[in-house]
Structures are given as C-alpha cells and as structure tokens.
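Engineer: Model the structure of this input:
(chains A and B)
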Amino acid sequence: MMTTKSLHRRSRTREVLTRLSAYLAILVALILTLFPIYWIAANSFKFDIDIFAVPPEWLPRNPTLKHYEQAFIQRPFLRYALNSFLVAVGTTIVSVVFGTMAGYALARFNYPWQWRKQISFWILSTRMMPPIVSIIPLYLFFNYFQMLNTKSALVIAYTAFNLPFATWMMKSYFQDLPIELEEAAVVDGDTRWGAFLHVALPLARPGLAATAIFCLIISWNEFLLSLIVTLTEQSQTLPIGIAGRVTQYNTYWGEISAAGFMACIPIVIFAFIVQKHLVRGLSLGAVKG
Amino acid sequence: MLKSADDGTLTAQSQPGGGLERWVERHLRYVMLAPTVLILLALTIFPSLYMFYAAVHRISPNPDLPWEFVGLGNFARLLSDAQFHVALRNTVVFTVVAVTVEFLLGLGLALLLDKFIRRLSFLKTVLMIPMMLPPIAVAITWKLIYEPQFGVLNEIMYRLGLPLQAWAGDVNLAMFSIIVADVWQWTPFIFLLMLAGLASLPVEPYEAAALDGASSWRQFWDLTLPFLKPVIAIALLLRVMDALRLFDLVFILTGGGPADRTKVLSLYIYQVAYRFADPGYAAAISLFVLFVTIVFSTWFMKRMRLAD
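Structural biologist: Below is the predicted model of the structure:
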C-alpha cells in the first residue's frame, strides 16, 4: 500500500527532474547562443590553411593576428570602423536631442484637436516604413544635393529611423516620471523649459543612456542604406566593408571573420553596460504607448 | 496620462525674459516638437511622393531620356511577373515559419528562466547578445558554419553518420538555412519582450489559483497567456514587420539563390532597381510591400485591441 510518504517522495523526485531538465534546456540555449560567436572569433585567429582544415579545428592550434593586421592595416577596415563610429555617434546625437524634446512634449503637453495622439502615432508609423521603400528616393535625393558618399548623408538617412524610436522611448520614460516635481519647479519661478531642463532631464538620465545606446547599436549595424548611399572607402561603413570581401569568386574568410568579430565586440560591451536598462529600454519603447 | 498633461499656460503670465524667450516659452509645446516633426516630414513625405510618382512611369537607365508615363502599367506587371510571385511566396514562407519558431522558442525560454533562474541577470544578457549583433556579422558567421567543405555543421552531420549537405547552397535547404540564422538572431528579441512581460505579472491571481489547486499548466493557459497577450501582440507585430523587410542575411548567405529559392521581396526590389535598372517598377513593388505592411499592421492592431 502506498503511503503518503512515498507519494511525497515521488513528487519530490519529479520536481528535481523537472528542475534538472529546465537547467539542461537553458544550458543548451546558452551553448547554441554562444557557439557561433565563439566560432567566428576562433576562425579570426587561425591561419587560412587552418580555417579550411577538415575536420575543423575546434580550438585554434596555431593562433595568429595575421587577419587583423590584414584587415585593419593593409585593408581599410580601420577607416570603415571609424566611419561607422562617426556616423553612429552623429545619428545618436541628433536623434537623442530632438527625440528627447519631442518625447517630452508628447508626454507632457496638450495639443488642440487630439493632435497628441495623431502625431504620436504618425511618428511611430514612419518607423514602420520598410527601408527598401525609401532607398531609391533617398539615393536620388542625396544625388541631387551631391551628398552621395558622404557621412552626413548616412547620418540623415539613419536619423529617419532612429528619431521615431528615440521619441517613443523618451516619451514613455517621461510619462513614468511624476509631473509634480516639474510643477513645483514652475511654482518656484522656473520657466516651463527650465523645468524640463533642470528637473525632468536629470531624472531621465537612465532613459537617455539606454536610448542613446540603442541608437548607437542600430546605426552601427545598419547595412542596406549604407550599401545604396556610399560607394567609396572614405564613406563606407564596417558592414559594407565586410560584405565587400564576400565576392562571387572568393570569400576572404579570415579577414571577414576578424572584421566581423571586431564589429561585434563594442556591441557586446554595450549590452553589458545597459544590462539593467535592456529589458526596460527595449520593451518600454515598444510596448508602452 | 491626461491628468499629467498641461497646456503650458501654467507659466505664461509670470515669466521674465526677452521677447524671443517669452515667445519660446509660450509656444514651448510646438517648439519642442517641431524639429522632430519637420525632419520626419522631410525624410518620409519626400520619399513617399517620389515613390508614387516613379511607380506610374517607365524610367530609362539613360538619365537623358524623359520618364514615360505608364499609368498603372507597373502595377499590372505585378500580376504577371513570375519572379515577383516567387519572391512574394518566399517572403511569406520565411515570415510565417521564422516568426512562429522564434515566438515559441523565445516564450519557452523566457518561461524557463523566469521560473527557474530569477537572479542571474547576467545569463539573460548573454542570451540576448545575438539580437544586437550586426546582421552582416551574423550572416558571415553562419556562412562559415554552413560552408559545405570545411563548415562545422557538415562535420557534425559526418560524426552523426548523416549525409553531408550544401545547406545555404542547396535548393531544398537554402530557405531552411536562412530561417535558422534568423531564428538564432531574433529569438532573443521575443525572449526579451516575454521576460519583460513576465516580470510585470501580478502575483495575487496566481496565489488564488494555487489555493484552488490549479495545475501550473492551467495557470499558464488561464493566467499567464492572457496577461501576456498585449506584449505577445507587440512582439509578433514588430517581428513580422522586420521579417517582411529581410535583406542582409539573404544578401550575404545566398544572394537569393539557389534557383531563386531564397529571393525575398527586399532583395528582388534591390535587383530590379539596381541590376535591372528599372526603378519605376521597383517603386511599384515597394509600394506594394508598404501597402501590405500597413494593411497587416492595422488589421493586426485592431484585432488585438478588439479581442482585449
């Protein structure tokens, strides 16, 4: 006859088993997530002959920095990385400054005829436009103003999709801040603008940081617009440089692995810096109205 | 949020300062909004108008030749263009399969971590890394893994005694390969949104359900899923909109091949515009994509809100 004790023991065993299989599943997910990143890193440190080895070398037996030298000293990948960086920073400054102001306005002020809702939605909807739709007009636009192959053209184009994001993220951040502090500042004789500048803005610093980092990441990763707008070494970004080494006839595995891995590193560092705001940042911008 | 909104009149009477300063203060709500609205108007209205204009013309690659007005001719071509139909089909297949798999994996993983590992936020960040990486770097990483001769995947197949494959180069596996790479990169996005959703669940209904002896399965169906519904809706919407514009992965991994099996709409538009030098027709296809995106997202948002 089954006693309650053995029943109890059995459910304990089941619990332990469930827990173990959960950990196992998470472990598998971790391995699947990290292996590709490890693999590109490992290959960037191998000589060409070892990249082509069959069976593959799981650990670089003969590590070398040759491909980094090739990519960043002999070929212009340092230039590409610098372009990527400058364009990302420029885009981020423009988007965060204007996006914060607009986000604040939409969070705090009333507009006649329900404009607030309409404008908010319109700003979000510009983000929905697939970039492929706007590449041809943007190309002609920059061509007309003789801005093809310039970094400013990229900043303008990237702002088109970073600004809506920044506006929405800052809007939801400000909506979460209590308005009473700003009201108190105004009662104490500050202007409305002053209340924004001296009270709301400092409080929104975490939101600003998260928004800025997301803008940096989005711009750093962008490919299609850069592919269309830039053709010269002086203006091309890292992703374009990498794609350029995958040709119909040859793929320069070592070089693109080195450049690709270098393109990932700043992002991974950023990810850990914003770790705290990651969930809040990304989801707030998207989830809350 | 209406409560917290004011119309700026709070301060209009009392403030010192010059004429300009006072003017700015009085119209602050417009001044703060204006740059963003103007920039976005310039960057979206111009392209849209241009696209409508280009879509009703035949544009010769020779810039000296005038544009020829063809009315709805470019749109009529959509009906008979077999390549367009292939691209449309590929895009739909990719979007449906990739987003479904990403959703199931992302939700599952979020539930696991939420239930079993609540403390280690470090672990969560690690799991989110792929979604932040440059899609081009992701594409070459998977290109390396899929490489038929010396790639890791075929090595694993070999060790398991399975037949070696060309993966991205194989007619039947190319789309599968693209989807796997996309799932790798974007499951973390769903995972992230689901984690955020789970973190904001109320505690009380679960306590009540536990008192009533509801199984965890029941709790998931009756409580968790309904609570998560708004987050799920947003996550799916954003992923579908992104999947419809897939470009980078295909550009690097397959170039649309083999035999057009992975040619998606973005890539086809790119080819029509730049390789076939037919921007008028490319504009027509772009407008079609834009139209589908808008119709789908409006329908989806309405449906989700109605069902609430």
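Engineer: And the helices in the stretch 1-150 of chain A?
Structural biologist: Taking DSSP state H, counting those that start in this stretch, the helices of the stretch 1-150 of chain A run over residues A:4-44, A:48-51, A:66-69, A:77-108, A:115-128, A:131-144.
Engineer: Of these, which stretch is the most buried?
Structural biologist: Using mean count of other CB atoms under 10 Å in any protein chain shown, the stretch among the helices of the stretch 1-150 of chain A with the greatest mean number of neighbours is helix A:77-108 (a mean of 23). In short, each C-beta sits where N, CA and C put it, glycine included.
Engineer: can you tell which of the helices of the stretch 1-150 of chain A is closest to A:Ser257?
Structural biologist: helix A:4-44 (3.9 Å; CB to CB).
Engineer: The helices of the stretch 1-150 of chain A: which one's closest to A:Met170?
Structural biologist: Closest of the helices of the stretch 1-150 of chain A to A:Met170 is helix A:77-108, at 3.0 Å (criterion: CB to CB).
Engineer: list the helices and strands that closest one packs on?
Structural biologist: Packing partners of helix A:77-108 (3 or more CB pairs under 8 Å, 6 or more residues apart in numbering or on different chains; DSSP states H and E): helix A:115-128, helix A:151-176, helix A:205-221, helix A:238-244, helix A:253-273, helix B:28-55.
Engineer: what about the first one, near chain B?
Structural biologist: Same thing as helix A:115-128. Yes: for helix A:115-128, a contact with chain B is found by CB under 8 Å from any CB of the partner chain, at A:Arg116, A:Ile119, A:Trp122, A:Ile123, A:Thr126, A:Met128.
Engineer: Run through the neighbouring helices and strands of that helix.
Structural biologist: Where contact means 3+ CB pairs under 8 Å, 6+ apart, helix A:115-128 is packed against helix A:77-108, helix A:151-176, helix B:28-55, helix B:279-307.
Engineer: Now mean pLDDT too, for the helices of the stretch 1-150 of chain A, in a markdown table please.
Structural biologist: Output for the helices of the stretch 1-150 of chain A, formatted as a markdown table (pLDDT from 0 to 100):
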| stretch | mean pLDDT |
| --- | --- |
| helix A:4-44 | 88 |
| helix A:48-51 | 87 |
| helix A:66-69 | 91 |
| helix A:77-108 | 94 |
| helix A:115-128 | 82 |
| helix A:131-144 | 82 |
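Engineer: need these in CSV with distance to B:Gly197, can you?
Structural biologist: Compiled in CSV, those are given as follows (distance: least, CB to CB, whole Å):
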stretch, distance to B:Gly197
helix A:4-44, 19
helix A:48-51, 42
helix A:66-69, 41
helix A:77-108, 22
helix A:115-128, 20
helix A:131-144, 28
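Engineer: wait, which of these is closest to B:Arg26?
Structural biologist: Of all those, helix A:77-108 sits nearest to B:Arg26, with 13.9 Å by CB to CB.
Engineer: center of the chain, which residue is that?
Structural biologist: You didn't pick a chain, so chain A it is. Using CA atoms, centre = their mean, the residue of chain A that lies closest to the mean C-alpha position is A:Ile217, 2.8 Å off.
Engineer: meant chain B actually
Structural biologist: Centre-most residue of chain B, counting by CA atoms, centre = their mean: B:Asp242, 1.5 Å.
Engineer: Report the angle between the helix or strand that residue falls within and helix A:115-128.
Structural biologist: Element membership for B:Asp242 (DSSP states H and E) is helix B:225-244. Counting by axes from the mean of the first three to the mean of the last three CA atoms, to 10 degrees, helix B:225-244 lies at 50 degrees to helix A:115-128.
Engineer: circling back: deepest of the helices and strands packed on helix A:115-128, which one?
Structural biologist: helix A:151-176 (a mean of 24).
Engineer: Do I have it right that the residue nearest to the centre of chain A meets A:Val268?
Structural biologist: No: counting by CB atoms under 8 Å, A:Ile217 does not reach A:Val268; the two are 10.6 Å apart.
Engineer: overlap in contacts of the two?
Structural biologist: With contacts defined as CB atoms under 8 Å, 6 or more residues apart in numbering or on different chains, the residues shared by A:Ile217 and A:Val268 are B:Met132.
Engineer: could you pull out the strands for chain B?
Structural biologist: B:57-58, B:68-69 (DSSP state E).
Engineer: Need those in a markdown table (columns: mean neighbour count and distance to B:Lys115).
Structural biologist: Converted to a markdown table, the strands of chain B look like this (neighbours: other CB atoms under 10 Å in any protein chain shown; distance: least, CB to CB, whole Å):
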| stretch | mean neighbour count | distance to B:Lys115 |
| --- | --- | --- |
| strand B:57-58 | 18 | 58 |
| strand B:68-69 | 10 | 62 |
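Engineer: before we move on, back to that, can you redo the helices and strands packed on helix A:77-108 as TSV, where the extra columns are distance to A:Glu57?
Structural biologist: Putting the helices and strands packed on helix A:77-108 into TSV (distance: least, CB to CB, whole Å) gives the following:
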stretch	distance to A:Glu57
helix A:115-128	44
helix A:151-176	38
helix A:205-221	29
helix A:238-244	23
helix A:253-273	13
helix B:28-55	48
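Engineer: Show me how chain A divides into domains.
Structural biologist: Split into domains by automatic domain parsing, chain A comes to A:4-64, A:67-287.
Engineer: Run the contact check for the first one versus chain B.
Structural biologist: Yes: with CB under 8 Å from any CB as the measure, domain A:4-64 is seen reaching chain B through A:19, A:22-23, A:25-26, A:29-30, A:32-34, A:36-37, A:39-40, A:43, A:51-56.
Engineer: How many residues are close by residue 259?
Structural biologist: The chain I'm using is chain A. 30 (other CB atoms under 10 Å in any protein chain shown).
Engineer: Switch to chain B, please.
Structural biologist: 10.
Engineer: Over to A:Glu180?
Structural biologist: 9.
Engineer: again with A:Ile179
Structural biologist: Close neighbours of A:Ile179, defined as other CB under 10 Å, add up to 19.
Engineer: List the buried residues of stretch B:101-112.
Structural biologist: Using 16 or more other CB atoms under 10 Å in any protein chain shown as the test for burial, stretch B:101-112 gives B:Val101, B:Glu102, B:Phe103, B:Leu105, B:Gly106, B:Leu107, B:Gly108, B:Leu109, B:Ala110, B:Leu111, B:Leu112.
Engineer: any idea how far the closest residue to the third one other than its chain neighbours lies from chain A?
Structural biologist: By that I understand B:Phe103. Spatial nearest neighbour of B:Phe103, excluding adjacent residues (CB to CB, 6 or more residues apart in numbering or on different chains): B:Ile190 at 5.5 Å. B:Ile190 sits at a distance of 11 Å from chain A (criterion: CB to the nearest CB, to the nearest Å).
Engineer: likewise B:Gly257?
Structural biologist: Separation of B:Gly257 from chain A (CB to the nearest CB) stands at 11 Å.
Engineer: Please apply the same query to B:Ala210.
Structural biologist: Counting by CB to the nearest CB - B:Ala210 and chain A are separated by 15 Å.
Engineer: just B:Ile285 next, same as before
Structural biologist: From B:Ile285 to chain A the distance is 9 Å (CB to the nearest CB).
Engineer: what's near enough to touch that residue?
Structural biologist: With contact set as CB under 8 Å, 6+ apart, B:Ile285 has these partners: B:Leu78, B:Phe84, B:Leu265, B:Tyr268, B:Ile269, B:Val272.
Engineer: Kindly indicate which of the residues of helix A:115-128 next to chain B lies nearest chain B.
Structural biologist: A:Thr126 (4.8 Å; CB to the nearest CB).
Engineer: Enumerate every residue touching the closest one.
Structural biologist: Per CB under 8 Å, 6+ apart, neighbours of A:Thr126: A:Ala160, A:Phe161, A:Pro164, B:Leu40, B:Leu43, B:Thr44.
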